[in-house]
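K.L.:
Curious how this folds, go ahead:
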Amino acid sequence: MKITMIGTGYVGLVSGACFADFGHDVVCVDKDAGKIASIEAGKMPIFEPGLDQLVGSNAAAGRLTFTTDLAAGVKGADAIFIAVGTPSRRGDGHADLSYVYAAAREIVEAVDGPTVIVTKSTVPVGTGDEVERIARELRPDLDIQCVSNPEFLREGAAIGDFKRPDRVVVGTTGSERAIAVMAQIYRPLSLNQAPLMFTGRRTAELIKYAANAFLATKITFINEMADLCEAVGAEVQDVSRGIGLDNRIGSKFLHAGPGYGGSCFPKDTLALVKTGQDYDAPIRIVETVVQVNDLRKRAMGRKIVKALGGDARGKTVALLGLTFKPNTDDMRDAPSLAIVQALEDAGAKIVAHDPEGMDVAAPMMPGVTMAKDAYEAAAGADVAVLVTEWDAFRALDLKRLAASMTQPVLVDLRNIYPVAEAEEAGFTITRVGQKAD
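P.N.:
Numbers count the residues shown, from 1 in each chain. A predicted model of the protein is given here:
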């Protein structure tokens, strides 16, 4: 089938490349000529393991092409996916749908026959209704079906998630043609027995937000349990394991840390809260999750100051990890941003290293010195802080690290290193969810 993907951001580029790898003919469209040229030259606009090889092989095979010409890109397409940004709108926190609706108008004005417009972007309930209204208003002569197909991709593992999904959710208004087109597009996944779940369009839109809000709630819950563990003398990792072994709860997203960040959870939880308020069906749990998570990030800065004896002025802090999670260069709402701000407010000097995120992070934290590796960052520092659990930080030479520091103090916000191992290397260690001695 011919598929057009509008937008070559994280979701659009990964989805387009994976569809092409299934054997579909895919055209990716983006207004940014520089980005298109860069992709065609083999340089990806995002860091995602394996994406450059996937794009390169399918482009070489002729199944994946790129263009800035939307009108040409949508000609003859069986399905046109909208995968543009839906950032939080300034002022009120609602999802900004201006890019979605602008793309929908351009698509509808350019199509030359029956097609299915698929909203891949994360959008609030009712967005598909508006896309359909635009189609009916501008092109009442054409059979244009509007479908919701939310993505459930984890940054750093997106290709595997796309090809081996837990489920594929497709929301329609019952159109047999739309259902048939979407079933054919995802037919290659039948080999993996991936559930293809057809629902109403509004239901599909809500499933995406509900899923992210639930996962964000799990993270926030275990972070609050970590605070309680520190107060009462319990161990949060054991609490996590003890509840996670209950298959009604599950072990995923129960790792205490500095709070969630990234491109999805912060904006999606906020958008869901706003939707609930608009429909007079407030979601109090998620409202609290948003508030608690925002406060937690800066609290991690205070935790580091406390490890320095309560005074960070003139001290040097080595931050190991800046991105919100490993295997991505995404700095959106990363906990490190709030931590850096809190430490700078306390008068600390900050040196940092991240395996992939420093180019993105540097303009966002101009006062931070970037180091070539963890050891350079820690040299002469008064405290080393593990912020992101990159593999490169999981087996550091702790004795070498401690020996290079002015004070061998380690704050492990990801609970990577056992207390005994850190102390044997000469560190005084502070962990998350463990009572300090």
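
K.L.:
ranges for the strands of the stretch 301-437 of the chain?
P.N.:
316-320, 349-353, 369-370, 383-386, 409-412, 428-431 (DSSP state E, counting those that start in this stretch).

K.L.:
for the third one, packing partners?
P.N.:
Under the contact criterion of 3 or more C-beta pairs under 8 Å, 6 or more residues apart in numbering; DSSP states H and E, strand 369-370 touches strand 349-353. In this view, the C-beta of every residue, glycine as well, is placed from N, C-alpha and C.

K.L.:
Give me the contacts around the strand it packs on.
P.N.:
314-322, 336, 340, 343-344, 358, 361, 365, 367-374, 376-378, 381 (C-beta atoms under 8 Å, 6 or more residues apart in numbering).

K.L.:
again, only using 6 Å
P.N.:
316-319, 322, 340, 343, 368-369, 371, 373-374, 377 (C-beta atoms under 6 Å, 6 or more residues apart in numbering).

K.L.:
from those residues, which single one is nearest Ala20?
P.N.:
Using C-beta to C-beta, Leu322 comes nearest to Ala20 of the contacts of strand 349-353, at 32.2 Å.

K.L.:
how many other residues sit next to that closest one?
P.N.:
30 (other C-beta atoms under 10 Å).

K.L.:
Pull the contacting residues for the closest residue to Arg177 other than its chain neighbours.
P.N.:
In space, and not counting its chain neighbours, Arg177 is closest to Gln145: 6.2 Å by C-beta to C-beta, 6 or more residues apart in numbering. If you count contacts by C-beta under 6 Å, 6+ apart, Gln145 has them with 116, 175, 178.

K.L.:
Tell me how far the last one lies from Pro114.
P.N.:
Relative to Pro114, Ala178 is positioned 10 Å away (criterion: C-beta to C-beta, to the nearest Å).

K.L.:
Pull out the buried positions in whichever strand or helix holds Asn58.
P.N.:
Using DSSP states H and E, Asn58 maps to helix 51-60. Under the neighbour-count criterion of 16 or more other C-beta atoms under 10 Å, helix 51-60 has 51, 54-56, 58-59 buried.

K.L.:
And for stretch 301-311?
P.N.:
301, 303-305, 307-308.

K.L.:
Would you quantify the distance from Ile109 to Val286?
P.N.:
For the record, residue 109 is Glu, not Ile. Distance from Glu109 to Val286, by C-beta to C-beta: 37 Å.

K.L.:
Kindly apply the preceding question to Ala178 instead.
P.N.:
31 Å.

K.L.:
Equivalent analysis for Val29, please.
P.N.:
For Val29, the distance to Val286 - C-beta to C-beta - is 34 Å.

K.L.:
what angle do the helix or strand harbouring Phe19 and helix 51-60 make?
P.N.:
Assigned by DSSP H and E, Phe19 belongs to helix 10-21. Interaxial angle, helix 10-21 versus helix 51-60 (axes from the mean of the first three to the mean of the last three C-alpha atoms, to 10 degrees): 50 degrees.

K.L.:
Direction included, what does the helix or strand just after helix 10-21 pair up with?
P.N.:
Sequence order places strand 25-29 as the next helix or strand after helix 10-21, per DSSP H and E. Using DSSP bridges, the strands paired with strand 25-29 are strand 2-6 (parallel), strand 64-67 (parallel).

K.L.:
related to what we said a few turns ago, which one of the buried residues of helix 51-60 sits closest to Glu40?
P.N.:
Ala59 (7.4 Å).

K.L.:
Name the residues of the helix ranked longest in the chain that come out as buried.
P.N.:
Longest helix in the chain, counting residues (DSSP state H): helix 201-232. By neighbour count with 16+ other C-beta under 10 Å, helix 201-232 contains the buried residues 201-202, 204-209, 211-213, 215-227, 229-230.

K.L.:
Please apply the same query to stretch 12-31.
P.N.:
Here stretch 12-31 shows 12-22, 24-30 as buried, counting by 16+ other C-beta under 10 Å.

K.L.:
Also stretch 192-199?
P.N.:
194, 196, 198.

K.L.:
So which one of those is the model least confident about?
P.N.:
Least confident of the buried residues of stretch 192-199 in the model: Ala194, at 81.

K.L.:
quick one, what contacts it?
P.N.:
165, 168.

K.L.:
distance of it from Arg154?
P.N.:
Counting by C-beta to C-beta, the gap from Ala194 to Arg154 is 16 Å.

K.L.:
Columns mean neighbour count, distance to Gly250 and mean pLDDT on top of the strands paired with strand 25-29, output as a markdown table?
P.N.:
Formatted as a markdown table, the strands paired with strand 25-29 follow (neighbours: other C-beta atoms under 10 Å; distance: least, C-beta to C-beta, whole Å; pLDDT from 0 to 100):
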| stretch | mean neighbour count | distance to Gly250 | mean pLDDT |
| --- | --- | --- | --- |
| strand 2-6 | 26 | 32 | 98 |
| strand 64-67 | 20 | 36 | 97 |
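
K.L.:
any idea how far Ala71 is from Lys120?
P.N.:
Distance from Ala71 to Lys120, by C-beta to C-beta: 20 Å.

K.L.:
of those two, who's got more company?
P.N.:
Between Ala71 and Lys120, counting by other C-beta under 10 Å, Lys120 is the more crowded of the two (22 against 14).

K.L.:
what residues are up against the more buried one?
P.N.:
11, 81, 83, 149, 151.

K.L.:
Scan those and report the most crowded one.
P.N.:
Neighbour-wise, the contacts of Lys120 (other C-beta under 10 Å) top out at Phe81, 31 neighbours.

K.L.:
Show me what that residue bridges to in the sheet.
P.N.:
Met5, Val118.

K.L.:
What pLDDT is listed against it?
P.N.:
Value for Phe81, per-residue pLDDT: 98.

K.L.:
ok, it touching Thr119?
P.N.:
No. Using C-beta atoms under 6 Å, Phe81 is not in contact with Thr119; the gap is 7.9 Å.
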